[in-house]
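K.L.:
could you look at this predicted model? Sequence included:
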Amino acid sequence: MFNNNFLEEEFCLNKIKPGWFSFFQQEIQKEYFLSLLTEINKEYQKYTCWPRKENVFRLFREISLDKIKVVILGQDPYHSPEVADGIAFSTQKPNYIPPSLVNIFLEFSEDLNCACPTKSDLLPWVKEGVFLLNTALTVRGGQALSHMKTWEEFTYSLLDYLNHHDRKIIWVLWGRKAQEIGEKCGISKKNACNCLVISSHPSPYSAEHGFFGSRPFSKTNQLLSEAGKEPVNWLSILEPSLKKSG
(Lines give C-alpha, C1' and ligand atoms only; values in the text may rest on other atoms or scores of the structure.)
Protein backbone atom coordinates (compact mmCIF):
# COMPACT_ATOMS: atom_id res chain seq x y z
CA MET A 1 0.00 0.00 0.00
CA PHE A 2 2.89 2.36 0.71
CA ASN A 3 6.66 2.37 0.42
CA ASN A 4 7.50 1.03 3.87
CA ASN A 5 6.57 -2.65 3.45
CA PHE A 6 8.01 -3.46 6.88
CA LEU A 7 5.54 -1.26 8.74
CA GLU A 8 2.70 -2.36 6.47
CA GLU A 9 3.34 -5.98 7.37
CA GLU A 10 4.06 -5.26 11.05
CA PHE A 11 0.60 -3.76 11.47
CA CYS A 12 -1.10 -6.11 8.96
CA LEU A 13 -2.27 -3.18 6.85
CA ASN A 14 -1.85 -5.46 3.84
CA LYS A 15 -4.87 -7.42 5.12
CA ILE A 16 -7.48 -4.66 5.45
CA LYS A 17 -10.64 -4.91 3.38
CA PRO A 18 -10.40 -3.29 -0.08
CA GLY A 19 -13.10 -0.73 0.71
CA TRP A 20 -10.67 1.01 3.05
CA PHE A 21 -7.92 1.44 0.45
CA SER A 22 -9.03 4.93 -0.59
CA PHE A 23 -8.99 6.17 3.02
CA PHE A 24 -5.55 4.75 3.78
CA GLN A 25 -4.14 5.94 0.45
CA GLN A 26 -5.36 9.41 1.42
CA GLU A 27 -3.64 9.18 4.81
CA ILE A 28 -0.39 7.83 3.35
CA GLN A 29 -0.04 11.07 1.40
CA LYS A 30 -0.02 13.01 4.68
CA GLU A 31 3.24 13.55 6.51
CA TYR A 32 1.92 12.45 9.89
CA PHE A 33 0.89 8.89 8.96
CA LEU A 34 4.28 7.23 8.49
CA SER A 35 5.53 9.09 11.56
CA LEU A 36 2.57 7.72 13.51
CA LEU A 37 3.30 4.12 12.56
CA THR A 38 7.02 4.58 13.21
CA GLU A 39 6.35 6.05 16.67
CA ILE A 40 3.86 3.31 17.60
CA ASN A 41 6.26 0.65 16.36
CA LYS A 42 8.96 2.07 18.65
CA GLU A 43 6.50 2.03 21.56
CA TYR A 44 5.89 -1.67 20.99
CA GLN A 45 9.64 -2.31 20.90
CA LYS A 46 10.29 -0.40 24.13
CA TYR A 47 7.15 -1.11 26.17
CA THR A 48 4.43 -3.69 26.50
CA CYS A 49 1.52 -2.24 24.54
CA TRP A 50 -2.00 -3.40 23.72
CA PRO A 51 -3.65 -4.75 21.70
CA ARG A 52 -1.16 -7.10 20.09
CA LYS A 53 0.44 -5.35 17.13
CA GLU A 54 -1.34 -7.48 14.55
CA ASN A 55 -4.68 -6.35 15.99
CA VAL A 56 -4.09 -2.58 16.00
CA PHE A 57 -5.98 -2.19 12.69
CA ARG A 58 -8.08 -5.33 13.14
CA LEU A 59 -11.36 -3.43 12.83
CA PHE A 60 -10.49 -2.56 9.22
CA ARG A 61 -10.09 -6.26 8.45
CA GLU A 62 -13.41 -7.25 10.01
CA ILE A 63 -15.83 -4.82 8.35
CA SER A 64 -15.99 -3.14 4.97
CA LEU A 65 -16.56 0.60 4.78
CA ASP A 66 -19.86 0.21 2.93
CA LYS A 67 -21.25 -2.16 5.58
CA ILE A 68 -21.04 0.37 8.43
CA LYS A 69 -24.44 1.40 9.78
CA VAL A 70 -23.51 2.46 13.31
CA VAL A 71 -20.37 3.97 14.85
CA ILE A 72 -19.81 3.51 18.59
CA LEU A 73 -16.87 5.60 19.76
CA GLY A 74 -14.77 4.31 22.64
CA GLN A 75 -11.67 5.86 24.24
CA ASP A 76 -8.51 3.77 24.26
CA PRO A 77 -7.94 0.00 24.45
CA TYR A 78 -7.99 -1.90 27.72
CA HIS A 79 -4.52 -1.55 29.23
CA SER A 80 -4.50 -4.78 31.26
CA PRO A 81 -2.62 -7.79 29.80
CA GLU A 82 -4.30 -9.68 26.95
CA VAL A 83 -7.65 -7.90 27.28
CA ALA A 84 -7.77 -5.54 24.26
CA ASP A 85 -8.55 -7.27 20.97
CA GLY A 86 -8.70 -4.37 18.48
CA ILE A 87 -12.46 -3.77 18.82
CA ALA A 88 -13.70 -1.11 21.25
CA PHE A 89 -15.19 -2.51 24.48
CA SER A 90 -14.56 -6.07 23.27
CA THR A 91 -12.25 -8.74 24.63
CA GLN A 92 -11.54 -12.37 23.84
CA LYS A 93 -10.01 -13.03 27.25
CA PRO A 94 -11.79 -16.13 28.63
CA ASN A 95 -14.18 -15.77 31.56
CA TYR A 96 -13.69 -12.01 31.84
CA ILE A 97 -16.10 -9.13 31.25
CA PRO A 98 -14.55 -5.65 31.75
CA PRO A 99 -16.49 -3.29 34.06
CA SER A 100 -17.71 -0.94 31.30
CA LEU A 101 -18.88 -3.92 29.25
CA VAL A 102 -20.72 -5.31 32.29
CA ASN A 103 -22.74 -2.09 32.31
CA ILE A 104 -23.26 -2.18 28.54
CA PHE A 105 -24.63 -5.70 28.89
CA LEU A 106 -26.91 -4.68 31.76
CA GLU A 107 -28.40 -1.87 29.67
CA PHE A 108 -28.58 -4.21 26.65
CA SER A 109 -30.60 -6.72 28.68
CA GLU A 110 -32.94 -4.06 30.07
CA ASP A 111 -33.38 -2.25 26.76
CA LEU A 112 -34.09 -5.33 24.65
CA ASN A 113 -35.79 -7.40 27.37
CA CYS A 114 -33.41 -10.31 26.91
CA ALA A 115 -30.74 -12.27 28.73
CA CYS A 116 -27.35 -10.74 29.55
CA PRO A 117 -24.52 -11.90 27.25
CA THR A 118 -21.96 -14.18 28.87
CA LYS A 119 -19.17 -13.66 26.33
CA SER A 120 -17.23 -10.44 25.78
CA ASP A 121 -16.27 -10.91 22.12
CA LEU A 122 -18.22 -8.19 20.27
CA LEU A 123 -17.28 -9.32 16.76
CA PRO A 124 -20.90 -10.39 16.05
CA TRP A 125 -21.94 -6.75 16.39
CA VAL A 126 -19.17 -5.67 14.01
CA LYS A 127 -20.44 -8.21 11.48
CA GLU A 128 -23.87 -6.58 11.87
CA GLY A 129 -22.45 -3.23 10.74
CA VAL A 130 -21.42 -1.71 14.08
CA PHE A 131 -18.05 0.05 13.86
CA LEU A 132 -16.69 -0.23 17.41
CA LEU A 133 -13.86 2.30 17.21
CA ASN A 134 -11.46 3.33 19.94
CA THR A 135 -10.31 6.96 19.78
CA ALA A 136 -6.74 5.70 20.22
CA LEU A 137 -5.92 2.33 18.68
CA THR A 138 -3.11 1.48 21.14
CA VAL A 139 -2.10 1.98 24.77
CA ARG A 140 0.90 1.24 26.98
CA GLY A 141 0.28 -1.58 29.39
CA GLY A 142 -0.99 -0.23 32.69
CA GLN A 143 -1.07 3.39 31.45
CA ALA A 144 -4.53 4.42 30.39
CA LEU A 145 -4.77 7.23 27.79
CA SER A 146 -1.00 7.06 27.16
CA HIS A 147 -1.36 7.09 23.33
CA MET A 148 -4.40 9.35 22.98
CA LYS A 149 -2.49 12.34 21.59
CA THR A 150 -0.47 10.13 19.26
CA TRP A 151 -3.60 8.89 17.45
CA GLU A 152 -5.50 12.18 17.44
CA GLU A 153 -4.86 13.24 13.85
CA PHE A 154 -5.62 9.77 12.48
CA THR A 155 -8.87 9.53 14.44
CA TYR A 156 -10.12 12.98 13.43
CA SER A 157 -9.33 12.24 9.80
CA LEU A 158 -11.11 8.87 9.95
CA LEU A 159 -14.22 10.29 11.60
CA ASP A 160 -14.35 13.12 9.06
CA TYR A 161 -14.05 10.55 6.27
CA LEU A 162 -16.89 8.45 7.71
CA ASN A 163 -19.01 11.54 8.27
CA HIS A 164 -18.77 12.49 4.62
CA HIS A 165 -18.96 8.95 3.28
CA ASP A 166 -22.47 8.22 4.53
CA ARG A 167 -24.72 10.83 6.11
CA LYS A 168 -27.08 8.14 7.40
CA ILE A 169 -24.63 6.54 9.82
CA ILE A 170 -25.96 6.42 13.37
CA TRP A 171 -23.40 7.84 15.80
CA VAL A 172 -23.43 6.50 19.36
CA LEU A 173 -21.42 8.85 21.58
CA TRP A 174 -21.04 7.66 25.15
CA GLY A 175 -19.45 10.15 27.53
CA ARG A 176 -18.12 13.71 27.35
CA LYS A 177 -14.89 12.81 25.53
CA ALA A 178 -16.69 11.07 22.66
CA GLN A 179 -19.14 13.96 22.40
CA GLU A 180 -16.32 16.53 22.32
CA ILE A 181 -14.63 14.60 19.52
CA GLY A 182 -17.94 14.42 17.68
CA GLU A 183 -18.34 18.18 17.92
CA LYS A 184 -14.81 18.76 16.64
CA CYS A 185 -15.38 16.45 13.67
CA GLY A 186 -18.70 18.02 12.73
CA ILE A 187 -20.80 15.21 14.17
CA SER A 188 -23.22 17.14 16.31
CA LYS A 189 -26.86 17.79 17.03
CA LYS A 190 -26.56 20.96 14.93
CA ASN A 191 -26.06 18.81 11.83
CA ALA A 192 -29.51 17.52 10.89
CA CYS A 193 -27.98 14.98 8.51
CA ASN A 194 -26.51 13.04 11.41
CA CYS A 195 -28.42 10.74 13.73
CA LEU A 196 -26.99 10.67 17.22
CA VAL A 197 -27.53 8.55 20.31
CA ILE A 198 -25.91 10.33 23.26
CA SER A 199 -25.56 9.50 26.94
CA SER A 200 -22.99 9.30 29.70
CA HIS A 201 -20.23 6.70 29.47
CA PRO A 202 -20.89 3.11 30.61
CA SER A 203 -17.92 3.27 32.97
CA PRO A 204 -18.70 2.35 36.60
CA TYR A 205 -17.89 5.99 37.44
CA SER A 206 -20.59 7.47 35.21
CA ALA A 207 -23.11 4.80 34.17
CA GLU A 208 -25.52 5.80 36.94
CA HIS A 209 -25.57 9.38 35.61
CA GLY A 210 -27.38 8.84 32.33
CA PHE A 211 -26.18 5.65 30.69
CA PHE A 212 -28.56 3.31 32.50
CA GLY A 213 -32.02 3.82 31.05
CA SER A 214 -30.74 5.50 27.87
CA ARG A 215 -31.89 2.57 25.68
CA PRO A 216 -29.15 3.00 23.04
CA PHE A 217 -29.82 -0.30 21.26
CA SER A 218 -33.53 0.19 20.58
CA LYS A 219 -32.99 3.89 19.79
CA THR A 220 -30.29 3.03 17.26
CA ASN A 221 -32.55 0.52 15.52
CA GLN A 222 -35.40 3.00 15.41
CA LEU A 223 -33.14 5.56 13.72
CA LEU A 224 -31.88 2.95 11.26
CA SER A 225 -35.45 2.00 10.35
CA GLU A 226 -36.34 5.66 9.85
CA ALA A 227 -33.31 5.99 7.56
CA GLY A 228 -34.48 3.01 5.50
CA LYS A 229 -31.75 0.68 6.75
CA GLU A 230 -31.92 -2.80 8.21
CA PRO A 231 -31.83 -2.70 12.02
CA VAL A 232 -28.88 -4.25 13.85
CA ASN A 233 -29.47 -7.75 15.17
CA TRP A 234 -28.07 -6.96 18.61
CA LEU A 235 -29.09 -10.42 19.82
CA SER A 236 -26.43 -11.93 17.53
CA ILE A 237 -24.06 -11.67 20.49
CA LEU A 238 -26.11 -14.12 22.55
CA GLU A 239 -25.48 -17.85 22.64
CA PRO A 240 -28.40 -19.86 21.17
CA SER A 241 -29.58 -21.03 24.60
CA LEU A 242 -29.71 -17.43 25.84
CA LYS A 243 -31.66 -16.27 22.79
CA LYS A 244 -34.36 -18.81 23.61
CA SER A 245 -34.49 -17.87 27.27
CA GLY A 246 -34.56 -14.16 26.43
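P.N.:
Looks like it came in fine.

K.L.:
mind listing the strands for the protein?
P.N.:
For the chain, strands defined by DSSP state E occupy the ranges 49-50, 70-73, 130-133, 139-140, 170-174, 195-199.

K.L.:
select, out of those, the one closest to G186.
P.N.:
strand 170-174 (10.8 Å; CB to CB). Every residue, glycine included, has its C-beta placed from N, CA and C.

K.L.:
buried sites along the closest one?
P.N.:
If you call a residue buried by 16 or more other CB atoms under 10 Å, then strand 170-174 has these buried ones: I170, W171, V172, L173, W174.

K.L.:
neighbouring contacts of that strand?
P.N.:
Here strand 170-174 makes contact (CB atoms under 8 Å, 6 or more residues apart in numbering) with 69-74, 179, 181-182, 187, 194-202, 211, 216, 220, 223-224, 227.

K.L.:
next, the angle from it to strand 195-199.
P.N.:
Per axes from the mean of the first three to the mean of the last three CA atoms, to 10 degrees, the angle that strand 170-174 makes with strand 195-199 is 20 degrees.

K.L.:
of all the strands of the chain, which one is nearest F57?
P.N.:
Here strand 130-133 is closest among those (CB to CB), at 11.2 Å.

K.L.:
name the residues that touch that closest one?
P.N.:
59, 63, 68-74, 87-90, 122, 125-126, 155, 158, 162, 232.

K.L.:
mind checking which of these land in helices?
P.N.:
Secondary structure from DSSP state H places L59, W125, V126, T155, L158, L162 of the contacts of strand 130-133 in helices.

K.L.:
what sits closest to the second one if chain neighbours are left out?
P.N.:
Counting by CB to CB, 6 or more residues apart in numbering, the nearest residue to W125 once its immediate chain neighbours are dropped is I237, at 6.1 Å.

K.L.:
which ones are touching that neighbour?
P.N.:
Applying CB under 8 Å, 6+ apart, the residues near I237 are P117, K119, L122, P124, W125.

K.L.:
now it: how far from M148?
P.N.:
Counting by CB to CB, to the nearest Å, the gap from I237 to M148 is 28 Å.

K.L.:
could you check the pLDDT of I181?
P.N.:
I181 is assigned a predicted lDDT (pLDDT) of 89.

K.L.:
tell me the contacts of it?
P.N.:
Contacts of I181 (CB under 8 Å, 6+ apart): L73, T135, T155, Y156, L159, L173.
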